[in-house]
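Chemist: With the input below, show me the fold.
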Amino acid sequence: SEREKQEQIEVQKEKQRELILQLKTQLDDLETFAYQEGSYDSLPQSVVMERQRMIINELIKKLDMDLSEDIATLSPEELRQRVDAAIAQIVNPARVKEQLVEQLKTQIRDLEMFINFIQDEVGSSGKVEDGHCECAGRKDGGGSYKPNTRPSGNRVNPEDARKMRETGLHLMRRMLAVLQIFAVSQFGCATGQIPHTLWQKDQASKDYSPLIKKLELSVERVRQLAMKHQQEDHVISSSDLQDIPLGGRDELTLAVRKELTIALRDLMAHGLYASSQGMSLVLAPIACLIPAFTSSPQTMHPWELFVKYYNTKNGQAFVESPARKLSQSFALPVTGGVAITPKQSLLTAIHTVLTEHDPFKRSADSELKALVCMALNEQRLVSWVNLICKSGALVQSHYQPWSYMANTGFESALNVLSRLSNLKFNLPVDLAVRQLKNIKDAF
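Modeler: Now for the predicted structure:
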């Protein structure tokens, strides 16, 4: 009957669907097996489709597209139009802001030209022209006084110059006020504000646990090598250093310079950035717009942080003081029997590294390696790094809020580094410049 035929057709369709599903599963298993064995270059089709689906879903969320309707009912042209409209909602405001910024920059350039014009007009009244003074007269070679007969039609009356200067300053203030009001009304920000999105980072960059693990491994390796060398009474003397070419093949030296220093550098660089220089008063009204179009703040090397500490503490004046110079010349104790503080030793060490490495244009990595070697030799690595960590001005101005330094104060890293404090080192400090110094001495 007709009903039985219909049931048979449905059963046949169900069997076909089951067979298709089974074939797809077997094909996926075969592609996965071939890919794992290395005989199939591309990813399995199921994995590719899953990743494409994930990308499409993320784009739909980011673009805020309304796809409540069934996609199958929409034509390709309708889908294209919806995608274009969603992208335009994001791109068009940015383009409008860019145009407004260009207009503001043009007005600022015009304002600067006007200020320069006023300054030139004011300064022209007392300037020297053609090598002769335009005051009231001049003296000839014999010393006799002759009145200046040069026409003074181009001079500016001091009273007129003062009025022009006051007028220019008044116009400049009014222009800056208008630009400030415009920036606040259009972009909802005031001078000096920085969008919070500038500091937003993904979770991967905020996670510093791999950096801590890397530091622990490097410290443990250096500790084991140092203990091994001490057990063998191995000391790197000056004669031994001559046999170590350039980077040094001593295993302990290589571990300190290429593992420990790099691990410490990476951890100190977590969230470290170079603070922007102060902007001029003319750019102040659009201060909130300038960071919005920059991808990220400029990075900074940890060695530069030590140099900034050296400069803020007037390290050069301290090291080059007459008392220290005389004491060093006659090989006398610099402090007169008083114990040298960690701060004094750090300033001296940074000065030594700068003096030896800067003339040869060595990199920041090389200078940081030299400083770490000096710190281990003097058993002051923890105290020197702690001085940087406790310098509130440096941490606040150069570390982002989510950085390891700002969050933890570097405490756990200092505890890890303290494992090396009771070990004695005699590491070479000038490996990066030794050959260059030898060449310079030869000539």
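
Chemist: for the stretch 251-400 of the chain, what are the low-confidence residue spans?
Modeler: Under the criterion of pLDDT under 70, the regions of the stretch 251-400 of the chain flagged as low confidence span 276-297, 322-339.

Chemist: Likewise for the stretch 101-250 of the chain?
Modeler: The stretch 101-250 of the chain contains residues with pLDDT under 70 at 118-156, 176-205, 232-249.

Chemist: how about a cut-off of 50?
Modeler: Counting by pLDDT under 50, the stretch 101-250 of the chain has low-confidence residues at 126-153, 190-201, 203-204, 234-249.

Chemist: CA-only coordinates of the helix or strand where Val222 lies in CSV, if you can.
Modeler: In the assignment (DSSP states H and E), Val222 maps to helix 209-231. What follows is helix 209-231, C-alpha atoms only, in CSV (Å, rounded to 0.1, in the frame of the first residue of the first chain):
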residue,chain,number,x,y,z
SER,A,209,54.5,32.5,36.0
PRO,A,210,56.6,31.2,33.1
LEU,A,211,59.1,34.0,33.7
ILE,A,212,59.3,33.0,37.4
LYS,A,213,59.8,29.4,36.4
LYS,A,214,62.5,30.4,34.0
LEU,A,215,64.3,32.4,36.7
GLU,A,216,64.1,29.5,39.1
LEU,A,217,65.6,27.1,36.6
SER,A,218,68.5,29.5,35.7
VAL,A,219,69.2,30.2,39.4
GLU,A,220,69.3,26.5,40.2
ARG,A,221,71.7,25.8,37.3
VAL,A,222,74.0,28.6,38.3
ARG,A,223,73.9,27.5,41.9
GLN,A,224,74.8,23.9,41.0
LEU,A,225,77.7,25.0,38.8
ALA,A,226,79.0,27.4,41.4
MET,A,227,79.0,24.7,44.1
LYS,A,228,80.7,22.3,41.7
HIS,A,229,83.4,24.9,41.0
GLN,A,230,83.9,25.7,44.7
GLN,A,231,84.2,22.0,45.5
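
Chemist: ok, and for it, which residues are buried?
Modeler: Neighbour counts over helix 209-231 (16 or more other C-beta atoms under 10 Å) mark 211-212, 214-216, 218-219, 221-223, 225-226, 229 as buried. C-beta here means a position set from N, CA and C on the backbone, and glycine is covered the same way.

Chemist: Next: stretch 391-402.
Modeler: Judged by neighbour count (16+ other C-beta under 10 Å), stretch 391-402 contains these buried residues: Ser391, Leu394, Val395, His398, Tyr399, Gln400, Trp402.

Chemist: what's in contact with that stretch?
Modeler: Here stretch 391-402 makes contact (C-beta atoms under 8 Å, 6 or more residues apart in numbering) with 199, 201, 206, 271-275, 297, 300, 305, 308-309, 312, 388-389, 405-406.

Chemist: helices or strands up against the helix holding Val222?
Modeler: If contacts are counted by 3 or more C-beta pairs under 8 Å, 6 or more residues apart in numbering; DSSP states H and E, helix 209-231 sits against helix 251-255, helix 261-268, helix 411-417.

Chemist: Please export the C-alpha coordinates of the last one as CSV.
Modeler: Extracted as CSV, the C-alpha positions of helix 411-417 are listed here (Å, rounded to 0.1, in the frame of the first residue of the first chain):
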residue,chain,number,x,y,z
GLU,A,411,59.4,39.7,46.4
SER,A,412,59.3,36.1,45.1
ALA,A,413,62.0,36.8,42.5
LEU,A,414,64.2,38.3,45.3
ASN,A,415,63.7,35.1,47.3
VAL,A,416,64.8,33.0,44.4
LEU,A,417,67.9,35.2,43.8
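
Chemist: Averaged pLDDT, it. What do you get?
Modeler: Averaging pLDDT along helix 411-417 gives 94.

Chemist: same for it, what does it pack against?
Modeler: Helix 411-417 sits against helix 209-231, helix 261-268, helix 381-389, with contacts defined as 3+ C-beta pairs under 8 Å, 6+ apart.

Chemist: can you give me the angle the following helix or strand past the second one makes with helix 381-389?
Modeler: Of the helices and strands lying after helix 261-268 in sequence (DSSP H and E), the nearest is helix 302-312. Using axes from the mean of the first three to the mean of the last three C-alpha atoms, to 10 degrees, the interaxial angle of helix 302-312 with respect to helix 381-389 works out to 70 degrees.

Chemist: can you pull the buried residues of the helix or strand following helix 302-312?
Modeler: Tracing the chain past helix 302-312, the next element assigned as helix or strand by DSSP H and E is helix 315-319. Neighbour-count burial for helix 315-319, counted by 16+ other C-beta under 10 Å, picks out Gly315, Val319.

Chemist: Mind naming the longest helix for this protein?
Modeler: helix 76-123 (DSSP state H).

Chemist: by contact count, what packs against that helix?
Modeler: Judged by 3+ C-beta pairs under 8 Å, 6+ apart, helix 76-123 is in contact with helix 45-63, helix 158-187.

Chemist: if we go to 7 Å?
Modeler: Identification of packing neighbours for helix 76-123 by 3 or more C-beta pairs under 7 Å, 6 or more residues apart in numbering; DSSP states H and E yields helix 158-187.
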